[in-house]
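> build me a model from this:
(chains A and B)
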Amino acid sequence: MPLIDTDVHESYSGVQDLVPYLSAPYKDWIAQGAWRGFSQPFAYTSPGNGNRADVKNVDGSASVSDPAMIKRDLLDEYDVTKAVLTGYFYPTGLKMQYALASAMAAAYNDMVAKKWLSFDDRLVGSIQVNARDPEAAAREIDRMAAHPQMVQVMLPIVDDIAYGHPYYRPIFAAADRNDLVVAFHHTVFAQGPYGMGQHYIERHTLIPLAIQGQVISLILNGVFDEFERLKFIILEGGFSWLPHTLWRMDREYRQGRVEVPWIKKLPSQHARERLKLATQPTEDITTDQFLKIIDLIGTEDLLVFATDYPHFDFDDPDAAIPRALPEGLRQKILWKNAADLYGFDIPDQAARVAAAE
Amino acid sequence: MPREHDIAASEEITVGKMHPVAVGRSTIVVTRLPCGSIRAVSGRCPHMGAKLQFGCITGMAEGPERDRIEMTRAGEVLRCPWHGFEFDLRTGEPAVPAPEAQAMRLRLYDAEERNGRVFVRT
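As a prediction, the model looks like this:
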C-alpha cells in the first residue's frame, strides 16, 4: 500500500548552517554568533530529549541535518511514497527583528530546497515564513511557490494573535493564489489556556487545546469563507477532540450567526470539506474507539497519517493505525486523503497491479 | 376535522409584532409578513420548547464581507427568546441547517383574513 507521511521534521545542526543562504547584513550577524537560534523554554523528559533516542547521526549527534538519516530511518524503512517535510525552525517565534526573521525564513527555505528536496523526489516541502510580517511572508510564499516540490505554507502555532485575525490575511491570499495548502504545527512557544503548566507533561497535553483555538479562530473569523478553495492541515494535534469542537461551533453558529453572517456554512461543514488533521499522536485507542471517532467526525476523508519523525512521540506506520480498521478507511488515512489534499498522483495498489499485468 | 379560530381583528396583527393567542392548551403566535399575509406558527420553539412570544421578529443578517452586516428581509425572521435560533417565517425553516439530532422547523398553521378578522385553523 502507498504511504504518505505528512509530518517529517528535517533540521539543521545549527543556525550557522544557514549562513551560506543569507545576505548582508544578516549573513554576518549569524556568522558572528549574534543569534544562536531558538531554544525551548523547558527541559525535555524523554530518553532522546524530544527526539527518538535511536535517531543519531554517524557522528553521534541527534540533529536531523542529514537527509540520509531520513532516507534510512523513514523513507526506506517504511517504504514511504511521499514525506512532507515540515521543519521545526519557525522564524515566527522571533517576536522582534522581523526583517531578520523573514531573512532567516528565506534562507531556511533555500537550504531545504538545495539540501533536502533535491536529495530524494519522495520529499516535498513546506514554505517557512515569518508570520509576524504577513506582507513579507506573502512575498516569500510567492518566491518559493515556484519550486515544484513546495506543497504548503507552514504556520506555527503562535501564543498571541490567532490566525483568524485579519492581520494574517496576506499569507492566506498568497497561499491561495499559489494553490498551496496551509499547514499548522505546534511549537515550543504554543500555550494552553493557562499557559504551559508546571510540567512538560502538562505542556504536551495542552497542545490540542492550543490547536483547537486556532481552528476556532480560522473558521469563526471567516478565513474558510474568504478563501473558498484553500485547504488546511493541522499537524501533531491528534484528532479525538474534533467532534466536540465541531458540535460546539455549530451550536454557537445556530445561536450567534447574526454576528458573523459572512460565515456561509456550518463550521462543521467547512471543516469536513477543507480541513485535514494528521493522526499523530494517535493516543493508543482501540479500533472500536477509532471508528466511533471517525463516525462522530462525520467523514472518512479528514484524517491523514503522520509519523512526526524524528520526535519521541513518533507514530509507527505499521502500528499506529489499527489494522482491524476497514481496509478502505486505512487506505484513506494512510495515503489517499493526503494524496487528495496535495494533489499527488499516486495510483492505488489495484491500479498498480493492473498496470503491471 | 380542522377547527377554525377567530383570533383577532385584522388591524391588531402587524408586521414585526408577535400576537400570541391561546388555542386550547397551546399558544399560537401570529404575525403579519411584510407581503401582507398572515403567518401563524406554533408558540413553542422546535429546539427546546421556549415560548416564542418572548422572542423577536427581525430580519435576516447577511454578511457580504467580514465586519459588514446587512439586515435584509425585515419582518421575515423569528428569533427564539432562549438561544436566538433564527427561523424563516416564510417557510418555517431554520436559518442554519438543523442538527442531526432533531427536526428544527416551525409548525405553520393555515390562516386567513375575512371581513376584518383573522382566522387560524388548527
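> list the contacts for residue B:29?
B:18, B:19, B:20, B:21, B:40, B:41, B:42, B:43, B:52, B:53, B:78 (Cβ atoms under 8 Å, 6 or more residues apart in numbering or on different chains). For the C-beta atoms, the positions are set from N, CA and C on the backbone; glycine is no exception.
> what about it, which SS state?
Following DSSP: H, G, I helix; E, B strand; the rest coil, the label given to residue B:29 is strand.
> where do the strands of chain B begin and end?
Assigned by DSSP state E, chain B shows strands spanning B:4-9, B:19-23, B:26-32, B:38-42, B:56-65, B:68-79, B:86-88, B:108-114, B:117-121.
> so for residue A:230, which of those sits nearest?
Shortest distance between residue A:230 and the strands of chain B, using Cβ to Cβ, is found for strand B:56-65: 16.5 Å.
> contacts for the closest one, please.
Contacts of strand B:56-65 (Cβ under 8 Å, 6+ apart): A:257-263, B:16-18, B:31, B:69-79, B:81, B:86, B:88-89, B:95.
> switch to 6 Å and redo it
Residues from elsewhere that reach strand B:56-65, judged by Cβ atoms under 6 Å, 6 or more residues apart in numbering or on different chains: A:258, A:261-262, B:16, B:31, B:69-75, B:77-79.
> okay, and for chain A, where does confidence drop off?
A:349-350, A:352-357 (pLDDT under 70).
> quick check: residues of it near chain B?
Within reach of chain B by Cβ under 6 Å from any Cβ of the partner chain, chain A has these residues: A:222, A:253, A:254, A:255, A:257, A:258, A:261, A:262.
> one more pass at 7 Å, please.
A:166, A:222, A:226, A:250, A:253-258, A:260-262, A:266 (Cβ under 7 Å from any Cβ of the partner chain).
> near whichever residue of chain B sits closest to chain A, how many other residues are there?
Closest residue of chain B to chain A, Cβ to the nearest Cβ: residue B:63 (3.1 Å). Counted with other Cβ atoms under 10 Å in any protein chain shown, the neighbours of residue B:63 add up to 19.
> go on, residue A:2?
19.
> I figured residue A:210 was touching residue A:190, is that so?
Yes. In this structure residue A:210 lies within contact range of residue A:190 using Cβ atoms under 7 Å: 4.3 Å.
> just to revisit the earlier point, filter the contacts of strand B:56-65 to the buried ones?
A:258, A:261, A:262, B:31, B:73, B:75, B:77, B:78, B:79 (16 or more other Cβ atoms under 10 Å in any protein chain shown).
> ok, now how distant is residue A:317 from residue A:6?
For residue A:317, the distance to residue A:6 (Cβ to Cβ, to the nearest Å) stands at 12 Å.
> these two - which one has more neighbours?
residue A:6 (31 against 21).
> which SSE is the residue lying closest to residue A:129 once chain neighbours are set aside in?
Excluding the flanking residues, the one nearest residue A:129 by Cβ to Cβ, 6 or more residues apart in numbering or on different chains is residue A:137, at 3.6 Å. Using DSSP states H and E, residue A:137 sits in helix A:134-144.
> for that helix, the distance to its chain's centre please.
Averaging C-alpha positions (Cα atoms, centre = their mean, to the nearest Å) puts helix A:134-144 18 Å from its chain's average.
> ok, stretch A:228-248 next?
Distance, centroid of stretch A:228-248 to centroid of chain: 12 Å (Cα atoms, centre = their mean).
> and for stretch B:12-20?
So, by Cα atoms, centre = their mean, the centroid of stretch B:12-20 is 10 Å from its chain's centroid.
> could you do stretch A:271-283 as well?
11 Å.
> give me the buried positions along that stretch.
A:271, A:272, A:274, A:275, A:276, A:277, A:278, A:279, A:280, A:281, A:282.
> again with stretch A:206-221
A:206-208, A:210-221.
> identify the contacts common to residue A:317 and residue A:6.
residue A:305 (Cβ atoms under 7 Å, 6 or more residues apart in numbering or on different chains).
> so residue A:247, which of the three states?
Classified using three-state DSSP, residue A:247 is helix.
> starting at the chain centroid, how far to the helix or strand where residue A:208 lies?
In the assignment (DSSP H and E), residue A:208 maps to helix A:207-220. For helix A:207-220, the separation from the chain centroid amounts to 14 Å (computed by Cα atoms, centre = their mean).
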